[in-house]
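>>> turn this into a model:
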Amino acid sequence: MLKVYPFGDYSHRQPLAYAPIRTLCSDRITLTDKLEAADLVVLAHSKDLDRHGAALRARLGRGQRLVLLSEEPFWDSVWAADPLTRVQIHRTETGPLPFTFLNHATSRLYDFAEIPYFLLTDRRFFTRYATWFHRNAALSAADWAARWDAAERDIAFVAEYRNEAKFDICRGGGEILGLGSWRTRLALACNRGRVLRMGAGWNDLPRRQSLPDWHLEKFLDLDGRCRVLSAIENTHQRNYVSEKIFDSFALGAVPIYVADPAHLVHGLVSGGIINLWGLTPDEGAAALDAFHPDAAFREGYIATQAQMARLFGTAAALSREQRRLATALWDELVAVCEASLPAH
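Below you'll find the predicted structure:
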């Protein structure tokens, strides 16, 4: 049994912070509320290394390991000094602090087979998608055409306003690309038709984390009300897929996405997306202006709706993905414990 001590201001944002994942791992991994009793001390954000590194260095005992267990490529790409190296040394004012960085690039934790990681953190995702995609799979091409014709908005962008250079990040020769500013500039460039822009920075709405149930509110606000909906991630990384593209299909909108040919999102959809990979924001806006779903596009969209209905129609895929994640998390943490610490 491995004992893990979650530490830091972001300790609520790492895999073992979520009850469904914690339960999956409970036969092999347990949380402790005493740092000195832990085999591993786990952080979730590189900011916690900067803020608490010296204190951790003073408290860690012989044989204990420090792990930066990150679920968020956006944090890694913008704030981490090096998100691509697994074993590192953080320099504190009192001396070196060795740690292991487990993230989308340095581990196998997030290499999903059927269902992306984020959807495993809350059981409500699966329950809702099962209901919503069952409904959508019954609609015909004519139904979808009528639904899109009746939509109140042509395009909707639901994401935080970010237009600073620090979000235009490129790491590892393009392995990690920041899209936060890119998607903001795309939203600004789309001025034809009825365009909705909402989220922190665009208006006075609260951040989604402060809402009682942001995911359900998003569905209730937008279901059937927009023809095209941005599902562009804040970061492009081949194994990073959030809830956004699932939400777009569930709401009955055509998703806008940005994914290179190697991205794992291509295994999740049979068609019916607008992929703006390789375009500038202005070029992307022009492509959206010119978008008119023809019969072939509608067939691909319907095929993806059916694919989603099958994926969430039974718990089989969920169970397989849960087992994969639990095994991967165990393997990664055991490997950390067994590895030698780097020389200072």
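>>> what number of residues lie near residue 237?
23 (other Cβ atoms under 10 Å). C-beta coordinates here come from the backbone N, C-alpha and C atoms, glycine included.
>>> now it, what are its backbone angles?
When read as degrees, to the nearest 10, the backbone of residue 237 gives phi -150, psi 140.
>>> from memory it sits against residue 105, does it?
Yes. Counting by Cβ atoms under 8 Å, residue 237 does reach residue 105; the two are 7.1 Å apart.
>>> identify the contacts common to the two.
Residues touching both residue 237 and residue 105 by Cβ atoms under 8 Å, 6 or more residues apart in numbering: 73, 175, 176.
>>> isn't the first one right up against residue 237?
I take that to be residue 73. Yes. The pair residue 73 / residue 237 is scored as a contact, 4.8 Å apart, by Cβ under 8 Å.
>>> pLDDT value on residue 266, please?
You'll see residue 266 listed with a pLDDT of 97.
>>> three-state assignment of it?
Secondary structure for residue 266, judged by DSSP: H, G, I helix; E, B strand; the rest coil, is helix.
>>> check residue 262 too.
Classified using three-state DSSP, residue 262 is coil.
>>> again with residue 82
Assignment for residue 82 (three-state DSSP): coil.
>>> how near is it to residue 73?
14 Å (Cβ to Cβ, to the nearest Å).
>>> what about the two, which has more around it?
residue 73 (27 against 13).
>>> how many residues are close by the closest residue to that one other than its chain neighbours?
Computed as Cβ to Cβ, 6 or more residues apart in numbering, the closest residue to residue 73 that is not its neighbour in sequence is residue 235, at 4.1 Å. If you count neighbours by other Cβ under 10 Å, residue 235 ends up with 23.
>>> so residue 235 makes contact with residue 75?
No. In this structure residue 235 lies outside contact range of residue 75 using Cβ under 8 Å: 9.1 Å.
>>> tell me, how many residues neighbour residue 8?
20.
>>> try residue 121
Number of residues near residue 121 (other Cβ under 10 Å) recorded here: 17.
>>> with residue 234 as the reference, measure out to it.
For residue 121, the distance to residue 234 - Cβ to Cβ - is 17 Å.
>>> what of residue 169?
10 Å.
>>> now do whichever helix or strand residue 4 is part of: which elements does it pack against?
Using DSSP states H and E, residue 4 sits in strand 2-6. Applying 3 or more Cβ pairs under 8 Å, 6 or more residues apart in numbering; DSSP states H and E, we find strand 2-6 packed against strand 29-31, strand 40-43, helix 316-338.
>>> which of the ones you listed sits most buried?
strand 40-43 (a mean of 24; mean count of other Cβ atoms under 10 Å).
>>> ok, residues contacting that strand?
Contacts for strand 40-43 (Cβ under 8 Å, 6+ apart): 2-8, 10-11, 14, 16, 35, 49, 56, 60, 64-69, 99, 333, 336-337.
>>> filter these down to the buried ones.
2, 4-8, 10-11, 14, 16, 49, 56, 60, 64-69, 99, 333, 336 (16 or more other Cβ atoms under 10 Å).
>>> so who does the residue nearest the centre of the chain touch?
What sits nearest the mean C-alpha location of the chain, by Cα atoms, centre = their mean, is residue 242, with 3.4 Å. By Cβ under 8 Å, 6+ apart, the contact set of residue 242 is 116, 118, 233.
>>> let me have these in TSV, extended by neighbour count.
Below are the contacts of residue 242 laid out as TSV (neighbours: other Cβ atoms under 10 Å):
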residue	neighbour count
116	21
118	19
233	25
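>>> quick one: low-confidence parts of the chain?
Scanning the chain for pLDDT under 70 picks out 204-210, 343-344.
>>> redo that, cut-off 80
Across the chain, the ranges flagged by pLDDT under 80 are 203-212, 341-344.
>>> could you pull out the helices for it?
Secondary structure of the chain (DSSP state H): helices at 19-24, 46-59, 73-79, 123-137, 141-150, 180-189, 214-222, 244-250, 281-289, 295-313, 316-338.
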